[in-house]
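Enquirer: no sequence for this one, just the structure:
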RNA sequence: GCACCCGUAGCUCAGCUGGAUAGAGCGUUGCCCUCCGAAGGCAAAGGCCGGACGUUCGAAUCGUCUCGGGUGCGCCA
């Protein structure tokens, strides 16, 4: 159960009964949330203030009437009007015991909702060019997209995780030429990779593969003949590398969508352009040259343009290059029309900071191809600076010109990589400190949260030894006398657990998985603090041979804490180890 | 020149879509280990939320302007 949602509904109902004429939309704006200052109570509502003005009434007056409505409610210990018209509730202890009981009953389901109502959502993320293995620049978006997809699935959306393979542009020809050199190298030639081609070692196996498959057969062929063949081999190999990197990070996609399938005489790009033309959204025209940086090669010419400005973009956008082929954007419009035609009215794209200039035209494209029916939320990942001992890391000796995602995962592990990258708002540029994520201290949020989970497990291990009289089965714990949990520490922890559902919902509505990470860190802090109090005060121990009933109730509380930690970590794709080595 | 992101404690960052006296970690200072794991806990000090106007019952949050920092800027992908 979500006690906040429950009381929001009760307050709304009370408001409706007192003021039947007040509009539903207005009532819906009222919220019930924990007050910033716990001294104000458990729950706080702004309902009276929200409706005061339209009703032409004094907010405190309305609040007082609402308070009177709840005065006799057995769930409410006290209710008072405060400040400009807040309604502050202090709930009776049995309510919190009920919340705790519901967590035990819901288990892994606790926090799940039907917010999404099964609606289809497409989350496109990573979409790294298939020209080499993943590098650290891709990592943040990979982790974010994966966690966001899990979060949305958790609240009831039908989520598709999608990867758009940019396998149609010039860069894959460059890849093929680079691989061809490695092929010649594999046949014994001494090779120097010229500037402009990809120098990475990861193409050597492709060269060897080609040598095994074709022998010297490709050497005397013209490029036009070998290039498509080599390109296929190289593309497959690169996608295999990328999939491996993603798998090691714990990221999986449902759909790998090839850009190439959109091209061709009767492909989606051609059809989409024809459709846009029919809609009057394409015209021949000129654009102003870009300001700021001077481009010597700029050629002022008439070109085929998409009326992006009609949909909120800053300028219209080119669809056809001067050589007659389609621009990347033209294919992307077709791609997003394809998503729309596959039934996605909600789309999310996760892009790197270097693509921030692309957001408006993408939104414009989605609006255009869906007739305004579909919406896309573009999440921009700001830069991650790798740090080591306070110094920025720029080069990796192992990989040559860039740091690979796999270097990161090899050194600090998938869990730490994921949690740290999620422990920050996506709009916020961040430093990723190798030293920090390997520390076993409170500064390291990954450790701190996983440690909390490990501690819940360790408490149960201890209980089995120290409380042999207790049977710690799910049934026994489910029947624990929760009403014995009455100390401020008990209630504080229960109240922290009670916030999980609303945290999930709010995070999902905002497409902000970092809120989950922060919640877990806070919950871990509350739990560790409780645990520590047991050292000074035996009455606050979870495991206390002097009081078996209380111990059982406390263990039920520990069990629910563990469950919520697991639920949260699962959404983030971070493991919950039983013990830390 | 334009667009987007960020300016909140000495440092790194939250701030729940406009709420009450702005929070956490680190760092600083002072306490706490015969005790379920001290890889920890408790407490104190520390703020004009970059600045200025505006919107309203109410602004760190919304709007306009402005000052710093970052990222980008026809046919690359």
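Expert: Looks like it arrived, so ask away. Fair warning: this is a prediction, and the values are worked out from it, not measured in the lab.
Enquirer: what are the phi and psi values for residue A:578?
Expert: When read as degrees, to the nearest 10, the backbone of residue A:578 gives phi -70, psi -30.
Enquirer: how close does it sit to residue A:416?
Expert: 18 Å (Cβ to Cβ, to the nearest Å). For glycine as for every other residue, the C-beta is placed from the backbone atoms N, C-alpha and C.
Enquirer: quick one, which of these two is more surrounded?
Expert: When residue A:578 and residue A:416 are compared for neighbours, residue A:416 comes out ahead with 23 against 12, by other Cβ atoms under 10 Å.
Enquirer: wait, doesn't residue A:103 sit right on residue A:564?
Expert: Yes. Using Cβ atoms under 8 Å, residue A:103 is in contact with residue A:564, at 6.8 Å.
Enquirer: joint contacts of those two?
Expert: Jointly contacting residue A:103 and residue A:564 under the rule Cβ atoms under 8 Å, 6 or more residues apart in numbering are A:110, A:497.
Enquirer: which SS class is residue A:194?
Expert: When classified by DSSP: H, G, I helix; E, B strand; the rest coil, residue A:194 comes out as coil.
Enquirer: one more: residue A:351?
Expert: strand.
Enquirer: thought it was touching residue A:378?
Expert: Yes. Taking contacts as Cβ under 8 Å, residue A:351 lies within contact range of residue A:378: 6.1 Å.
Enquirer: and for the two, which residues touch both?
Expert: Joint contacts of residue A:351 and residue A:378 (Cβ under 8 Å, 6+ apart) are A:358, A:359.
Enquirer: so which bits of stretch A:247-266 are buried?
Expert: By 16 or more other Cβ atoms under 10 Å, the buried positions in stretch A:247-266 come out as A:248, A:249, A:250, A:251, A:253, A:256, A:257, A:258, A:259, A:260, A:262, A:263.
Enquirer: export the residues you listed to JSON lines and tack on pLDDT, secondary structure and distance to RNA strand B?
Expert: Formatted as JSON lines, the buried residues of stretch A:247-266 follow (pLDDT from 0 to 100; DSSP: H, G, I helix; E, B strand; the rest coil; distance: Cβ to the nearest atom of the strand, whole Å):
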{"residue": "A:248", "pLDDT": "96", "secondary structure": "helix", "distance to RNA strand B": "23"}
{"residue": "A:249", "pLDDT": "96", "secondary structure": "coil", "distance to RNA strand B": "21"}
{"residue": "A:250", "pLDDT": "96", "secondary structure": "coil", "distance to RNA strand B": "22"}
{"residue": "A:251", "pLDDT": "96", "secondary structure": "coil", "distance to RNA strand B": "19"}
{"residue": "A:253", "pLDDT": "97", "secondary structure": "coil", "distance to RNA strand B": "17"}
{"residue": "A:256", "pLDDT": "98", "secondary structure": "strand", "distance to RNA strand B": "15"}
{"residue": "A:257", "pLDDT": "97", "secondary structure": "strand", "distance to RNA strand B": "13"}
{"residue": "A:258", "pLDDT": "97", "secondary structure": "strand", "distance to RNA strand B": "11"}
{"residue": "A:259", "pLDDT": "97", "secondary structure": "helix", "distance to RNA strand B": "7"}
{"residue": "A:260", "pLDDT": "95", "secondary structure": "helix", "distance to RNA strand B": "10"}
{"residue": "A:262", "pLDDT": "97", "secondary structure": "helix", "distance to RNA strand B": "12"}
{"residue": "A:263", "pLDDT": "95", "secondary structure": "coil", "distance to RNA strand B": "12"}
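Enquirer: among those residues, which two are most distant?
Expert: Across the buried residues of stretch A:247-266, no pair lies farther apart than A:250 and A:263, at 32.9 Å, counting by Cβ to Cβ.
Enquirer: nearest spatial neighbour of residue A:47, chain-adjacent residues omitted?
Expert: residue A:30 (3.7 Å; Cβ to Cβ, 6 or more residues apart in numbering).
Enquirer: run a quick neighbour tally on the nearest residue to residue A:99 once chain neighbours are set aside.
Expert: If you skip the residues right next to it in sequence, residue A:99 has residue A:498 as its closest partner in space, 4.9 Å away by Cβ to Cβ, 6+ apart. By other Cβ under 10 Å, the residues close to residue A:498 number 25.
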